[in-house]
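> Next comes the sequence, and after it the predicted model I'd like to discuss.
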Amino acid sequence: MSNYLKSEIYRALHTKAYYIFFAVCLVALIALGMFMKFITPYQSFAFTGNHFLYALLVVLVSGIIMIFPALVVAFTTKSVTLQQEILSSGIKRKTIFFNDYILAGLISGVYLFILSFISLFIAMFLFEIDNTQVDTSWITTNGFIITILHLFLAILAWNALAVGVNYILDNKGIAMGIFFLFSYIVPLIIVQFRFVSKVLQWVAEIFPLTQIFLAFRQENNPLLSICIIVANIIIILTTTFLIYKRKEV
Amino acid sequence: MEVIKTKQLNKYFKKSHVLKDINLTVHKGEICALIGKNGAGKTTLMKAIIGLTNCQSGAITLFGDQEYLKYNRLRIGSIIETPGFYPYLSGLENLEYFRIQRGILEKGVVEESLKMVDLYDERHKKIGSYSLGMKQRLGLALALLGSPDLLILDEPTNGIDAEGIVEIRNLLVKINQEKHITILISSHILAELANIGTKFCFMHKGALIKEVTATQLQEMTGNRIIIQVEEPKAAVVSLEKYMDFNNIEIQPNHKIVLKEFDVSKNILEKILIQHDIKLNSFTKQSVTLEDYFLEFIKEEENE
């Protein structure tokens, strides 16, 4: 492990915001579980832990996960003066850029792993899991894990975009605007036209967000969708790094 | 030994020529002061030496070795403009972060550096609550981390109060003398540079226009008396008995400049009258590095 990555891990471990955000996620997770447990007696159907996982995925995909790249940009990327300080220690721009990206992935991965594990635990502890009821709205444990994996890969793609754009622009506000535009708004607009034209459907399926929804609805080929998201990551990382490299710090 | 040597260094930024054929040599143990107006190219030159910016032509040699420039740059401690820190981490955590990053194994160096810049008691405070002066001092502590052989300091006293400036000045002189660390420094407070510099390099519009040693500067600055007499040559002969000949300069219009010579008008008049020389005018002047610099730049611009 490079000294730079070691120092970044030291910094991450001393950054209170990560702990606060984690605590907020955990409280939200438990609150959602408690709420669903509370409404269980009032449902007209047999309520299982699969309902909880389904509801959780909706919240994760549409809400909490959007915050991950924002948090990563806020605390992983560095100001120009900080970059200068680090570069003057003999560390290359390539090391800063890619290690920051690796660290962002590591932080997101740790969050997602712990939260997913706790989610499964809550689902099994508060409810009963019934994987026989497979339906688009009744997500199975395997379906949950596959979707979480897609979600993690998509987060890696989003992190690449957020980290890259911020290093190019050195403006967290605009970087986040561009990040939301290309991660959420553009794919959501294109996806509306997928039934109009086959080409637009293919275009829509290029985006990681669409791949998550397809995985969520179990309508995808997991291997193909993983390849599509990985290709996204490589393209975004390479392009943003090449632009950043040309920029004078 | 030549710690820094630049040869014909040129840098263009868009259409402007920001460094013009810079030939700078700094020897071991020197405190070299870079003096120039804003935009003269001081920061760019420092950045080029550290490796933060590339030059289109020319060569940089550090510690007499051009081949291992990358590795020799690791022997430099620097502050360029405002030092960058993480505002949500404490002073101690920030230095610890850089210690790990630079691969320095001794943990004690962080606390030692903090003590050196008098920030040890504030080490657990978040950087966000530090004043500008404290941040500058922490920047200096960071520059000193890992016992560098060369310090490159761009405006290290920026935002520091008068007392702090004196402390920093004493600290720089101390580390220069005790640890033989070579220092390349720039500051807008020229009086401070005059106090510590052993060599002064003047930059103007991207070019290094003059280099003087502290002794040469002392000759050109300090207290001086300008007199006007009928017979300058005779006056010089009469004054030689009382002061060093090298400190007497005859100027046009029957003027004589007496450097490093403090005497009252009456006494000077008496000396000259003994040789039948009439004193027409007597002016006392105190020339600082700032005056010298401004006058010098004015002359450069007129040319």
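It's in.
> distance of the nearest residue to B:Gln274 once chain neighbours are set aside from B:Arg224?
Spatial nearest neighbour of B:Gln274, excluding adjacent residues (CB to CB, 6 or more residues apart in numbering or on different chains): B:Ser238 at 7.1 Å. Using the backbone N, CA and C atoms, a C-beta is placed for each residue, glycine as well. B:Ser238 sits 18 Å away from B:Arg224, going by CB to CB, to the nearest Å.
> Just the C-alphas of the host helix or strand of B:Phe293, formatted as PDB.
Per DSSP states H and E: B:Phe293 is located in helix B:289-302. Provided in PDB are the C-alpha atoms of helix B:289-302 (Å, rounded to 0.1, in the frame of the first residue of the first chain):
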ATOM      1  CA  LEU B 289      16.100  47.700   1.300                       C
ATOM      2  CA  GLU B 290      12.600  48.900   0.400                       C
ATOM      3  CA  ASP B 291      13.900  52.300  -0.800                       C
ATOM      4  CA  TYR B 292      16.700  50.600  -2.700                       C
ATOM      5  CA  PHE B 293      14.300  48.100  -4.300                       C
ATOM      6  CA  LEU B 294      11.800  50.800  -5.400                       C
ATOM      7  CA  GLU B 295      14.500  53.000  -6.800                       C
ATOM      8  CA  PHE B 296      16.000  50.100  -8.600                       C
ATOM      9  CA  ILE B 297      12.700  49.000 -10.100                       C
ATOM     10  CA  LYS B 298      11.900  52.600 -11.100                       C
ATOM     11  CA  GLU B 299      15.200  52.700 -13.000                       C
ATOM     12  CA  GLU B 300      14.500  49.400 -14.600                       C
ATOM     13  CA  GLU B 301      11.100  50.600 -15.800                       C
ATOM     14  CA  ASN B 302      12.600  53.800 -17.200                       C
END
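> Just the buried positions in that helix, please.
B:289-290, B:292-293, B:296-297 (16 or more other CB atoms under 10 Å in any protein chain shown).
> follow-up on the earlier one: what helices or strands is the helix or strand that the residue nearest to B:Gln274 is a member of leaning on?
Following DSSP H and E, one finds B:Ser238 within helix B:232-239. Counting contacts by 3 or more CB pairs under 8 Å, 6 or more residues apart in numbering or on different chains; DSSP states H and E, helix B:232-239 packs against strand B:248-251, strand B:255-259, helix B:265-274.
> end-to-end on stretch B:236-256?
This stretch, stretch B:236-256, spans 8 Å end to end (CA to CA, to the nearest Å).
> same thing with stretch B:118-134?
9 Å.
> quick one: is that stretch near chain A?
No. Legend: contact between stretch B:118-134 and chain A by CB under 8 Å from any CB of the partner chain is lacking; minimum distance shown is 10.0 Å.
> Residues of chain A that sit close to chain B?
A:3-4, A:6-7, A:10-11, A:14-17, A:78-91, A:248-249.
> In chain B, where is pLDDT below threshold?
B:245, B:303 (pLDDT under 70).
> how does it look with 50?
Within chain B, no stretch falls below the threshold (pLDDT under 50).
> Ok, chain A next?
For chain A (pLDDT under 50), the answer is none.
> Would you mind listing the buried residues in the helix or strand harbouring A:Ser7?
Under the criterion of DSSP H and E, A:Ser7 resides in helix A:3-13. By neighbour count on 16+ other CB under 10 Å, the buried set for helix A:3-13 is A:3-5, A:7-12.
> Quickly note the distance from the residue most central in space within chain A to B:Gly206.
Nearest to the mean C-alpha position of chain A, by CA atoms, centre = their mean, lies A:Ile155 at 2.8 Å. Distance, A:Ile155 to B:Gly206, using CB to CB: 47 Å.
> cool, A:Ala204 as well?
Per CB to CB, A:Ala204 is found 53 Å from B:Gly206.
> wait, B:Lys135 sits on B:Gly84?
No. In this structure, B:Lys135 is not within contact of B:Gly84 by CB atoms under 8 Å, at 9.5 Å.
> Identify the residues contacting residue 114.
Let's take chain A. Shown in contact with A:Ile114 (CB atoms under 8 Å, 6 or more residues apart in numbering or on different chains): A:Phe22.
> try again with chain B
B:Leu114 touches B:91-92, B:95, B:120, B:123, B:141, counting by CB under 8 Å, 6+ apart.
> which among these end up buried?
B:91-92, B:95, B:123, B:141.
> Can you convert these into a markdown table and add a column each for secondary structure?
Compiled in a markdown table, the buried ones among the contacts of B:Leu114 are given as follows (DSSP: H, G, I helix; E, B strand; the rest coil):
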| residue | secondary structure |
| --- | --- |
| B:Gly91 | helix |
| B:Leu92 | helix |
| B:Leu95 | helix |
| B:Arg123 | coil |
| B:Ala141 | helix |
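> Relative to chain A, which of the residues you listed is nearest.
Of all the buried ones among the contacts of B:Leu114, the one with the least separation from chain A (CB to the nearest CB) is B:Leu92, at 9.9 Å.
> if I look at that closest one, how far off is B:Ile273?
B:Leu92 is 70 Å from B:Ile273, by CB to CB.
> neighbours around the residue in the stretch 201-303 of chain B that chain A sits nearest to, how many?
Minimum separation of the stretch 201-303 of chain B from chain A (CB to the nearest CB) falls at B:Gly206, amounting to 16.3 Å. If you count neighbours by other CB atoms under 10 Å in any protein chain shown, B:Gly206 ends up with 23.
> taking the contacts of B:Leu114 as a set, which two sit the farthest apart in space?
Farthest pair in these (CB to CB) is B:Leu95 and B:Tyr120. Separation: 11.1 Å.
> Grab the nearest non-local neighbour of whichever residue of the stretch 101-250 of chain B sits closest to chain A.
Closest to chain A within the stretch 101-250 of chain B is B:Gln101: 3.8 Å, counting by CB to the nearest CB. Nearest non-adjacent residue to B:Gln101, counting by CB to CB, 6+ apart: A:Ser7, 3.8 Å away.
> next one: B:Ser57
B:Asn10 (4.5 Å).
> and the helices and strands packed on helix B:232-239 as JSON lines, adding mean neighbour count?
Listed next are the helices and strands packed on helix B:232-239 as JSON lines, based on neighbours: other CB atoms under 10 Å in any protein chain shown:
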{"stretch": "strand B:248-251", "mean neighbour count": "14"}
{"stretch": "strand B:255-259", "mean neighbour count": "19"}
{"stretch": "helix B:265-274", "mean neighbour count": "14"}
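> Enumerate the residues of the stretch 1-150 of chain B near chain A.
Near chain A, when you scan the stretch 1-150 of chain B using CB under 8 Å from any CB, you find B:13, B:47, B:50-53, B:70-71, B:73-74, B:76, B:78, B:80-86, B:88-89, B:93, B:96-98, B:100-103, B:142.
> Buried ones among the residues you listed?
Counted by 16+ other CB under 10 Å, the residues of the stretch 1-150 of chain B next to chain A give B:47, B:50-53, B:73-74, B:76, B:78, B:80, B:82-86, B:88-89, B:93, B:96-98, B:100-102, B:142 as buried.
> all helices for the stretch 101-250 of chain B, in order.
B:108-116, B:132-144, B:162-178, B:190-196, B:214-220, B:232-239 (DSSP state H, counting those that start in this stretch).
> out of those helices, deepest packed?
Highest mean neighbour count of those: helix B:132-144, a mean of 23 (counted as mean count of other CB atoms under 10 Å in any protein chain shown).
> burial measure for B:Ser131, as a count.
With other CB under 10 Å as criterion, B:Ser131 counts 13.
> which phi and psi does it have?
Backbone torsions of B:Ser131, given as degrees, to the nearest 10, read phi -80, psi 170.
> repeat for B:Phe261
According to degrees, to the nearest 10, B:Phe261 has phi -140, psi 120.
> Could I get the contacting residues of it?
B:223-225, B:242-243, B:247.
> same question, B:Lys233
B:Ile250.
> I'd like to know how far it sits from B:Tyr242.
Distance from B:Lys233 to B:Tyr242, counting by CB to CB: 16 Å.
> In chain A, what residue lies closest to chain B?
A:Thr81 (3.1 Å).
> My guess is that residue contacts B:Pro83. True?
Yes. Counting by CB under 8 Å, B:Pro83 is a contact partner of A:Thr81 at 6.9 Å.
> Appreciated, that's everything.
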